[in-house]
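Enquirer: let me see the structure of the following:
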Amino acid sequence: MDKYIKFLSKRTNKLKASEIRELLKLTEGKNIISFAGGLPDPTVFDKDKLIEIARDVLENFSDKALQYSPTRGVSVFIETLKNFLLDKGINISNNDDIIVTTGSQEAIYLASTVLIDRRDAIIVEEPTYLAALNVFKYLESRLMPVPIDDDGMNTEVLEDYLRKLREDGRRVKLAYVNPTCQNPSGTTMSIARRKHLIELASQHDFLILEDDPYGYFIFEGERPIPLKSLDRDERVLYMSTFSKILAPGLRIGWAVGPAEIIRYMELAKQNVDLHSSTFSQYIVMEAIMRGVVDATIERARSLYKVKRDAMLEALEQNMHTTATWTKPIGGLFIMVTLKKKIDTKKLLLKAIEKGVAYVPGGSFYVSRRGSNTMRLNYSYPTLTQIREGINRLALTIKEST
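Expert: Okay, the predicted model is just below:
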């Protein structure tokens, strides 16, 4: 088992398995209602249109679509993507550029690789997206968690934090935020806090990585203004993906931000995968132009609202005495906090025995304070599974108190 340990680099000690990915292995092949992964409901995929598009791409663009392409992305796709983003209210300045990535996870990795040195101070929400935390830890940054509440990251706490750091002669390199329908909490940052965060970035001279995969699924009111569209000082690098709004299997994401940073991300990407799938870029381009992406967004938004409402109702009926939970305005997740200090990581094995799975919340916390929390996904399970799964989960918790 340890035969090859002596050959591994020291940096492999920083590689950590995603608890979510490991959990999916644990539940694979079992008759379990899973609230664990952030998977889209497969019924929102327009399979017939995607088959038609794939066929048309092969018939009309095969010489290009099946070939290598520029690292930054296929130029006609980038132009189509730019127009799509402008239509969605994403501000793109004359000094900005776009890079196509293999999902938004690669965008996080590339941006972090070119911006973060060992021991750099990185501000993150607490809790925050696990896969981003793993990248920051791999790069040996100093993570500085700022608590969130119903209005997102508490920028008052952040301001006090930054002031103390400055007094100590220290500075922050960047802040990573998932401000709209956050993963894992489902919370959304208020407009006042968004503006405050932008102000703080200018005052204290740091960059902002804005991760926005869920902002297209808002169930009530208008879509919150992205930080990128509030930014006048060119400090925001905006990242998102077609994984949730078209199909994750295509593995197409993107980053928009200062051209100088995008250029270095391009150089880093040349060392990773040369370029993202040319074929997938052509498929996504056609899906945008034919209205398939917009139709998928609307179909998913309507369905996920019904599912969110069903999960909130089931939680109220079954767990109002044992837990509290967030009430997201959109997205894919609800975070539950147990009223008693029950370790949800240990509780998970009992839950799986009852046929239900979730993601223990502790892994989303830098401080590991969230040991009595769990993240629940409502986009993938059916309505029947949501109701039955919450009932099973409530029974598991009751038997453990």
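
Enquirer: tell me where the stretch 51-200 of the chain has strands.
Expert: Remark: strands assigned in the stretch 51-200 of the chain by DSSP state E, counting those that start in this stretch are 96-101, 121-126, 142-149, 152-153, 174-177.

Enquirer: strands paired with the first one, and their directions?
Expert: Sheet pairing here is set by DSSP bridges, and for strand 96-101 it gives strand 253-258 (antiparallel).

Enquirer: model confidence over the top helix by length along the chain, on average?
Expert: Ranked by residue count, the top helix of the chain under DSSP state H comes out as helix 292-319. When pLDDT is averaged along helix 292-319, the result is 98.

Enquirer: helix or strand right after it?
Expert: Downstream of helix 292-319, the next assigned helix or strand under DSSP states H and E is strand 323-325.

Enquirer: chain center to the longest helix of the chain, what's the gap?
Expert: Computed by C-alpha atoms, centre = their mean, to the nearest Å, the separation of helix 292-319 from the middle of its chain amounts to 18 Å.

Enquirer: any chance of the strands of the stretch 51-200 of the chain in JSON lines with distance to Asp231, mean pLDDT and mean neighbour count as columns?
Expert: Any C-beta I mention is one placed from the backbone N, CA and C, and that applies to glycine too. As requested, those are arranged in JSON lines below (distance: least, C-beta to C-beta, whole Å; pLDDT from 0 to 100; neighbours: other C-beta atoms under 10 Å):
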{"stretch": "strand 96-101", "distance to Asp231": "10", "mean pLDDT": "98", "mean neighbour count": "24"}
{"stretch": "strand 121-126", "distance to Asp231": "16", "mean pLDDT": "97", "mean neighbour count": "24"}
{"stretch": "strand 142-149", "distance to Asp231": "19", "mean pLDDT": "97", "mean neighbour count": "18"}
{"stretch": "strand 152-153", "distance to Asp231": "16", "mean pLDDT": "98", "mean neighbour count": "26"}
{"stretch": "strand 174-177", "distance to Asp231": "12", "mean pLDDT": "98", "mean neighbour count": "26"}
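
Enquirer: and those strands: which comes nearest Leu8?
Expert: Nearest to Leu8, of all the strands of the stretch 51-200 of the chain, is strand 142-149, at 24.2 Å by C-beta to C-beta.

Enquirer: elements contacting that closest one?
Expert: For strand 142-149, the elements it packs on are strand 121-126, helix 130-138, helix 155-167, judged by 3 or more C-beta pairs under 8 Å, 6 or more residues apart in numbering; DSSP states H and E.

Enquirer: which elements pack onto the last one?
Expert: Contact analysis of helix 155-167 by 3+ C-beta pairs under 8 Å, 6+ apart lists strand 121-126, strand 142-149, helix 191-204 as its packing neighbours.

Enquirer: give the rounded mean pLDDT of that helix.
Expert: Computed over helix 155-167, the mean pLDDT rounds to 94.

Enquirer: circling back: now the longest helix of the chain: buried residues?
Expert: By neighbour count on 16 or more other C-beta atoms under 10 Å, the buried set for helix 292-319 is 292-294, 296-297, 300-301, 303-305, 307-308, 310-312, 314-315, 318-319.

Enquirer: show me the domain layout of the chain.
Expert: Domain assignment of the chain by automatic domain parsing yields the ranges 10-45+294-399, 47-292.

Enquirer: circling back: could you export the strands of the stretch 51-200 of the chain as CSV, including distance to Thr43?
Expert: Listed next are the strands of the stretch 51-200 of the chain as CSV, based on distance: least, C-beta to C-beta, whole Å:
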stretch, distance to Thr43
strand 96-101, 27
strand 121-126, 31
strand 142-149, 31
strand 152-153, 31
strand 174-177, 31
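
Enquirer: wait, which of the ones you listed is closest to Asn391?
Expert: Comparing these against Asn391 with C-beta to C-beta, the closest turns out to be strand 142-149 (28.8 Å).

Enquirer: what's the angle from that closest one to strand 121-126?
Expert: Between the axis of strand 142-149 and that of strand 121-126 there is an angle of 30 degrees, by axes from the mean of the first three to the mean of the last three C-alpha atoms, to 10 degrees.

Enquirer: before we move on, back to that, for the helices and strands packed on helix 155-167, could you give me JSON lines that also reports distance to Glu52?
Expert: Shown next, in JSON lines, are the helices and strands packed on helix 155-167 (distance: least, C-beta to C-beta, whole Å):
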{"stretch": "strand 121-126", "distance to Glu52": "41"}
{"stretch": "strand 142-149", "distance to Glu52": "42"}
{"stretch": "helix 191-204", "distance to Glu52": "40"}
